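**Q** Sequence below, structure please.
(2 chains)
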Number of protein chains: 2
Amino acid sequence: MKASHAHLVTLKEAPADAEIVSQKLMIRAGMIRRIAAGIYTWLPLGLRSLRKVEAIVREEMNRAGAVEVLLPVVQPAELWQESGRWEHYGPELLRFKDRHQRDFVLGPTHEEVITELVRRDVKSYRQLPRHFYQIQTKFRDEIRPRFGVMRAREFIMKDGYSFHADFTDLEREYRNMYDTYTRIFTRLGLKFRAVAADTGSIGGTGSHEFHVIADTGEDDIAYCPASDYAANVELAEALPPAGPRPAPGEPLVKVHTPGVKTIADLVDFLKIPIERTVKAIVVEGEDGAPVLLLLRGDHELNEIKAQKLPGIKNPLTFADEAAIRAAFGAGPGSLGPVGFTGRIIADRTVAKMADFVIGANEDEHHYTGANLGRDFPEPEVADLRNVVAGDPSPDGKGTLEICRGIEVGHIFQLRTKYSEAMHCTFLDAEGRERPMEMGCYGIGVSRILGAAIEQNHDERGILWPAAIAPFEVVICPIGAAKSPMVAEAAEAIYRDCLAAGLDVVLDDRNERPGAMFADWELVGVPWRVVVSERGLAAGQYEVQHRREREARTLPIGDVVAELAASIAAEKRAPR
Amino acid sequence: MKASHAHLVTLKEAPADAEIVSQKLMIRAGMIRRIAAGIYTWLPLGLRSLRKVEAIVREEMNRAGAVEVLLPVVQPAELWQESGRWEHYGPELLRFKDRHQRDFVLGPTHEEVITELVRRDVKSYRQLPRHFYQIQTKFRDEIRPRFGVMRAREFIMKDGYSFHADFTDLEREYRNMYDTYTRIFTRLGLKFRAVAADTGSIGGTGSHEFHVIADTGEDDIAYCPASDYAANVELAEALPPAGPRPAPGEPLVKVHTPGVKTIADLVDFLKIPIERTVKAIVVEGEDGAPVLLLLRGDHELNEIKAQKLPGIKNPLTFADEAAIRAAFGAGPGSLGPVGFTGRIIADRTVAKMADFVIGANEDEHHYTGANLGRDFPEPEVADLRNVVAGDPSPDGKGTLEICRGIEVGHIFQLRTKYSEAMHCTFLDAEGRERPMEMGCYGIGVSRILGAAIEQNHDERGILWPAAIAPFEVVICPIGAAKSPMVAEAAEAIYRDCLAAGLDVVLDDRNERPGAMFADWELVGVPWRVVVSERGLAAGQYEVQHRREREARTLPIGDVVAELAASIAAEKRAPR
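**A** Just a heads-up that it's a prediction; the model follows:
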């Protein structure tokens, strides 16, 4: 394509409401334009990248044995009433009435529609398994759409749904999709991790998220560099520290701690390492009685883990100050287990501590030298906290690191939730009617472009992986308006690139070199070929990769072959 | 692909609510499934054909210089308020509120969104012309959706919008699109006509529809077999008959016509050819006074033409019986011009008639031997009627035929309607601000499949043109379950077809031959290859085209080359 034709409209500044780097760069590079909050037009450059993502997703889904369909955007409310989601889905589900006052929704997801389809057309175990997928526009009425295509209201997803005669076959397909998603994100050229949504091992977990790793990601991920283990920080298990609890070495001493309200205050006041402190948090039990949770001072309570403990009120409810004073005789800054007669649950790390500092249940007083079993009864012990970097990996293969990620894919074992609610059944080999086992598998196709940029950019613009760049190569002629020789040479290498199957754009806009280079660095085309009179005189062109600081000069005859080889290599093994 | 994988679910009967043949066949062949009124899921077979249509449209649009974008399905009401269509568009425009009570529409078309885009990004004549197109889901809330994908509420369109510095350039692009659409429908393998929406010649008409010719079409099209002339019957000009009006030869005689209410009654009663009768229709003038329209008895009033005459009430209003009796002294079955003192307009054909029969303005009485100028004043003369087969073609190149068509494309010169309403302006070479000239160009991508079937089917099923069939070739092994030799041979030729780039499906379902053949005839795959033990013994396979009654036997080694050549030929010159 020629640049004059590509509708290249770059902007010096991003609009004021653009918040994150991918949003700013996509708008500045002329890939998208905002039409309303969370609703975007895809300009030619953006659509080229989007289509490349779609093509890779489609190829790998087909290779994995899934079959493409196209389900409607507008869905009748009846199906959502049948599944129960008409009631339970929040205001993100956009509901409306047609001209006959019938209720419809704009599809945020398609479990109901696909289940309706399968229950009508699939009756026998002989027709199973089935896996249908689509790549399609979806709508989710986010309360605060932001971050460009990363949290848009209208977006493009690949969503697939599989149907099985039994759980074993669902598990087989789940692993097939785990492998397929791994291939897809690898081919896209992204650094990513498959993150378990619960225990962190693939067998039987029921749910994995695929995250693109980026410092700007919304989710904290705990992973083990020495293994495949990865989990959302909130879901990663914090193992007990190795070894036995040290024996008590200090006496229990009450100290006056005037003005100390927080752990940070306490550490400052007593000049002790934070790892010597224990904090006390009071939540309500199912019976309303206060339950005291103990965590090391530097650890964070994991509310999901606490919530799951037996006898804890659902949803997790923190005791208010009045209840705390009634039970402990002190305010939240000075609480502790000594003398408390209610239920106490200590985090696994606290259970291995000795001689720690903790509140004395008297305002502005703490104990030093506190010890479990000696100064208060041995508490229950549970995993109550978020993991931190340096914690042992739950798979026993090393220590955890923490990174940030952007969720771009999700695979999930739905089991029979929809097939039971909607009577999607089949006759098994013995003629018994049974609900189908279902899985669902989503990829945020448009979101991937935002995530790719969050991971791959510099101060000048985007650094596209070769597989999803709007173009692989840009030909930049210098002074073509005045030099027919340059113009002809640029056309010639442009045609040679096309003939070699490269996705190339020729900048025929007659811009000055500085503006031309800046545009293409902003857009993030991986390879740039500069054609100049000087180069032609020397029989060579300057070739530079967007991630390299220096250009190479190559003999003109070698340029296309070199580019083709480099791009093929980069697609096999992304930089 | 293998049939076991293609989700081939054929039905013996179409659902009771399916009305037309394409709808019945698409459902029976497992191409679509209805989810709600006018809302369909595309199953794998249907989607394959849909994607082939999309690919041809995309290729030709790109070749013509248009650039693909993707505009949002959900559009903010503000843009529609700006263009004025928020007020003027009827209830087909689906309007809804988001969770913040802001107004939105589901896009039935995208003039507003694209104009908003262009006015922001295009400022100078140097950036013009631009032509953006998209292939995308649209929604139109039809009051009575029917006919399957032919008049669905949710459907897929290619819509393109061009922007120009002046009208001359718009005309150039309009002709470019006329040629492009002609290429597209030719490549799709459809019999079609480009139909002028007004005068019938391409220069400066402003609007053409592209119709697939089918007996079941909704629109009557007048065309000239000897030229390119084609127009909607309602818009085709009825030329005056050649030659002068014959001189009067009969006296004016009033006859009693008891029981005669209609022209058919009159012809029966008087035993005269209908071409000797003239019918009288009374409409209201702008001032409310009755205006008498005269048409030959067998001709139909064209209300659009009558409406356009000066001094006629808008919208066209037929006088009621009371007004007619007050003005004429008789009821509608016996009206005529003799003695009427108001405005009279005769159709061009009536103006060339002599000695005709017409109402006498007395109930159950008519005149024979009526003549213009002699028995009543010479009336105004105008083109008032629909053309009929045998009328002279308005381009002077022969006589008209009438056929029925299904509109699948439309090109239109919008001029500055949207650019003026929405201030989409540019600076011309002299620095003056001017509104852009706009054109718009639509193709009903999903509708094309219905239209193709209306044109191409028989009692056994669909007869797909090769270019848009879900598969080009089906391999049907006979008795593969019991004959490993047949199964292996079928696999071999399936792989050979794939290697030759043919779009082939192998029926691996182990159905009986009758059921297998019936399925593929219903689906309409153009070529069938039958692999059997008998054939293998003779070193040959049976090859049959869906439109042929007899199979040919070909040496096994020749089959793939023969298929490839035939399919390529059929794509170049559809059957």
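**Q** List the residues that contact residue A:40.
**A** By CB atoms under 8 Å, 6 or more residues apart in numbering or on different chains, the contact set of residue A:40 is A:32-34, A:148-149, A:152, A:154, B:72. Where you see a C-beta, it was placed from the backbone N, CA and C, and this is true even at glycine.
**Q** Excluding its own residues, what touches the least confident helix or strand in chain A by mean pLDDT? List them.
**A** Least confident helix or strand, chain A: strand A:230-232 with a mean of 88, by mean pLDDT, DSSP states H and E. Contact with strand A:230-232 is made by A:193-200, A:209, A:211, A:219-224, A:237, A:394, as judged by CB under 8 Å, 6+ apart.
**Q** Can you dump the C-alpha atoms of stretch A:224-233 in PDB for me?
**A** What follows is stretch A:224-233, C-alpha atoms only, in PDB (Å, rounded to 0.1, in the frame of the first residue of the first chain):
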ATOM      1  CA  CYS A 224       7.700 -18.800  39.400                       C
ATOM      2  CA  PRO A 225      10.600 -18.100  37.000                       C
ATOM      3  CA  ALA A 226      11.800 -21.700  37.300                       C
ATOM      4  CA  SER A 227       8.500 -23.300  36.400                       C
ATOM      5  CA  ASP A 228       5.100 -22.700  34.600                       C
ATOM      6  CA  TYR A 229       3.400 -21.700  37.900                       C
ATOM      7  CA  ALA A 230       1.500 -18.400  37.700                       C
ATOM      8  CA  ALA A 231      -1.500 -17.200  39.500                       C
ATOM      9  CA  ASN A 232      -3.300 -14.000  40.400                       C
ATOM     10  CA  VAL A 233      -1.700 -12.700  43.500                       C
END
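**Q** Show the pLDDT at the residue nearest the centre of chain A.
**A** Closest to where the C-alpha atoms of chain A average out (CA atoms, centre = their mean) is residue A:407, at 1.6 Å. With respect to pLDDT, residue A:407 has a value of 94.
**Q** Tell me, how many residues neighbour residue A:532?
**A** When neighbours are counted by other CB atoms under 10 Å in any protein chain shown, residue A:532 registers 22.
**Q** the helices in the stretch 201-350 of chain A, which residues?
**A** A:263-270, A:303-308, A:321-328 (DSSP state H, counting those that start in this stretch).
**Q** May I see the buried residues of the first one?
**A** Judged by neighbour count (16 or more other CB atoms under 10 Å in any protein chain shown), helix A:263-270 contains these buried residues: A:263, A:266-267, A:269-270.
**Q** Just name the closest of those residues to chain B, please.
**A** The closest of the buried residues of helix A:263-270 to chain B turns out to be residue A:263 (CB to the nearest CB; 40.1 Å).
**Q** Whichever residue of the stretch 201-350 of chain A sits closest to chain B - nearest residue in space that isn't next to it in sequence?
**A** Of all residues in the stretch 201-350 of chain A, the one sitting closest to chain B is residue A:218 (21.3 Å; CB to the nearest CB). Distance criterion CB to CB, 6 or more residues apart in numbering or on different chains; nearest residue to residue A:218, sequence neighbours excluded, is residue A:406 at 6.6 Å.
**Q** closest point of the stretch 451-575 of chain A to chain B, which residue?
**A** residue A:509 (9.7 Å).
**Q** Ramachandran angles for the single nearest residue of the stretch 301-450 of chain A relative to chain B?
**A** Chain B sits closest to residue A:446 of the stretch 301-450 of chain A, with a gap of 9.5 Å, by CB to the nearest CB. The phi and psi values for residue A:446, taken as degrees, to the nearest 10, are phi -70, psi -30.
**Q** Leaving out the residues flanking it, which one is nearest to it?
**A** Looking at residue A:446 with CB to CB, 6+ apart, the closest residue is residue A:156, at 4.3 Å.
**Q** Quick check: bridge partners of that neighbour?
**A** Beta-bridge partners for residue A:156, by DSSP bridges, are residue A:137.
**Q** Now for the residue nearest to residue A:218: which residues touch it?
**A** Residue A:406 neighbours (CB under 8 Å, 6+ apart): A:150, A:211-212, A:214, A:216-219, A:447, A:450-451, A:454-455.
**Q** and those residues, which of them are in strands?
**A** A:211-212, A:219 (DSSP state E).
**Q** would you list those in TSV and tack on pLDDT and neighbour count?
**A** TSV is the format used below for those (pLDDT from 0 to 100; neighbours: other CB atoms under 10 Å in any protein chain shown):
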residue	pLDDT	neighbour count
A:211	96	29
A:212	96	27
A:219	86	15
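**Q** before we move on, the earlier item: please identify the helix or strand for the residue nearest to residue A:218.
**A** strand A:401-415 (DSSP states H and E).
**Q** Just list what the very next helix or strand once past that strand packs against, helices and strands only.
**A** Proceeding N to C from strand A:401-415, the next assigned helix or strand is helix A:417-421, under DSSP H and E. Other elements packing on helix A:417-421 under the criterion 3 or more CB pairs under 8 Å, 6 or more residues apart in numbering or on different chains; DSSP states H and E are helix A:77-83, helix A:111-121, strand A:437-444.
**Q** Please save the CA atoms from the last one in PDB.
**A** Taking Å, rounded to 0.1, in the frame of the first residue of the first chain, the C-alpha atoms of strand A:437-444 are listed here in PDB:
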ATOM      1  CA  GLU A 437     -20.600 -30.600  29.800                       C
ATOM      2  CA  MET A 438     -19.500 -27.200  28.500                       C
ATOM      3  CA  GLY A 439     -16.400 -25.100  28.300                       C
ATOM      4  CA  CYS A 440     -16.000 -21.500  27.100                       C
ATOM      5  CA  TYR A 441     -12.900 -19.800  25.800                       C
ATOM      6  CA  GLY A 442     -12.500 -16.100  25.200                       C
ATOM      7  CA  ILE A 443      -9.800 -13.800  23.600                       C
ATOM      8  CA  GLY A 444     -10.100 -10.100  23.700                       C
END
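**Q** what lines up beside it in the sheet?
**A** Neighbouring strands of strand A:437-444 in its sheet, by DSSP bridges, are strand A:154-164 (antiparallel), strand A:401-415 (antiparallel).
**Q** How about the contacts made by the closest residue to residue A:296 other than its chain neighbours?
**A** What sits nearest to residue A:296 in space, not counting adjacent residues and going by CB to CB, 6+ apart, is residue A:349, at 5.0 Å. Neighbouring residues of residue A:349 by CB under 8 Å, 6+ apart: A:238, A:240-241, A:295-296, A:299, A:385.
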